[in-house]
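Engineer: next comes the sequence, and after it the predicted model I'd like to discuss.
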Amino acid sequence: MDNSGYEDDLHMKTPANNNKATEANQVQYTQEEIKAEKKIIYKNVLLISVSFLLLFVAFESMSKLQSSINVVNNLGTWANAAVYASLILSCMFLPSILIKKLKVKWTLVVCIFCYSTYIAAQFYPEFYTLLPTAFILGMGAAPMWSAKCTYLTQVAHRFAGLDGVDPEPVV
């Protein structure tokens, strides 16, 4: 697994996590350092969970009502179609590019902002506001999900490393 999108986000200095040759050279940490790192991991997982909950309660509620609320010229239907059409395009190439350039955490921030622009456009629903922001949302959706899964997997591997257990059950 490629850790290049996560290594800069670690709080503690470690050898390369996926390099088998360096396992013998693992740095030993005190119990206080391990406890502090676990606390940071729990906090980050809770933060990302609550953030996704709030984001998708807002987005999914609004998305399901699009075709009912914005009925003039089928604006709601066109907006939903634009979201999912751009999502298909985004899935093909954007996640790996964005995660490599921005790293995992900043990819999440940028992509959540893509959702926020679409939600804000609902205050003035016109073709020239909803369709471009729907396209932006779709382009940000695939990298966001990939970054979230990458981040949680990397954090689980880090957590397992602190406990000295196999990472697969933790993931």
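Structural biologist: Good, I have the coordinates.

Engineer: alpha carbons only for contacts and neighbour counts from here, please
Structural biologist: OK.

Engineer: nearest residue to the spatially most central residue of the chain in space, please, no chain neighbours.
Structural biologist: With distances taken as Cα atoms, centre = their mean, Lys148 lies nearest the centre of the chain, 3.2 Å away. What sits nearest to Lys148 in space, not counting adjacent residues and going by Cα to Cα, 6 or more residues apart in numbering, is Leu108, at 6.9 Å.

Engineer: how many neighbours does the one you found have?
Structural biologist: 24 (other Cα atoms under 10 Å).

Engineer: wait, isn't it in contact with Ala142?
Structural biologist: No - when contacts are counted by Cα atoms under 8 Å, Leu108 is not listed as touching Ala142 (10.4 Å).

Engineer: about what we covered before: and the pLDDT for the residue nearest to the centre of the chain?
Structural biologist: For Lys148, the model assigns a pLDDT of 95.

Engineer: buried set for the helix or strand containing Glu60?
Structural biologist: Glu60 is part of helix 31-69, with elements assigned from DSSP states H and E. Under the neighbour-count criterion of 16 or more other Cα atoms under 10 Å, helix 31-69 has 34, 37-38, 41, 45, 62-63, 66-67 buried.

Engineer: remind me what the helix or strand just after that helix packs against, helices and strands.
Structural biologist: Downstream of helix 31-69, the next assigned helix or strand under DSSP H and E is helix 75-121. Judged by 3 or more Cα pairs under 8 Å, 6 or more residues apart in numbering; DSSP states H and E, helix 75-121 is in contact with helix 31-69, helix 127-163.

Engineer: next, the contact list for the residue lying closest to Thr77 once chain neighbours are set aside, please.
Structural biologist: Spatial nearest neighbour of Thr77, excluding adjacent residues (Cα to Cα, 6+ apart): Ser67 at 5.1 Å. Going by Cα atoms under 8 Å, 6 or more residues apart in numbering, Ser67 touches 74-77.

Engineer: ok, now Asp166?
Structural biologist: Taking Cα under 8 Å, 6+ apart, we find Asp166 in contact with Ala160.

Engineer: roughly how far apart are it and Ala36?
Structural biologist: Distance, Asp166 to Ala36, by Cα to Cα, to the nearest Å: 21 Å.

Engineer: residues of stretch 150-165 that come out buried?
Structural biologist: 150-160, 162.

Engineer: tell me how far that stretch lies from the chain's centre.
Structural biologist: Centroid separation between stretch 150-165 and its chain, computed with Cα atoms, centre = their mean, to the nearest Å, is 17 Å.

Engineer: contacts for it?
Structural biologist: Contacts to stretch 150-165, defined as Cα under 8 Å, 6+ apart, come from residues 3, 6, 34, 38, 41, 45, 104-105, 166-168, 170-171.
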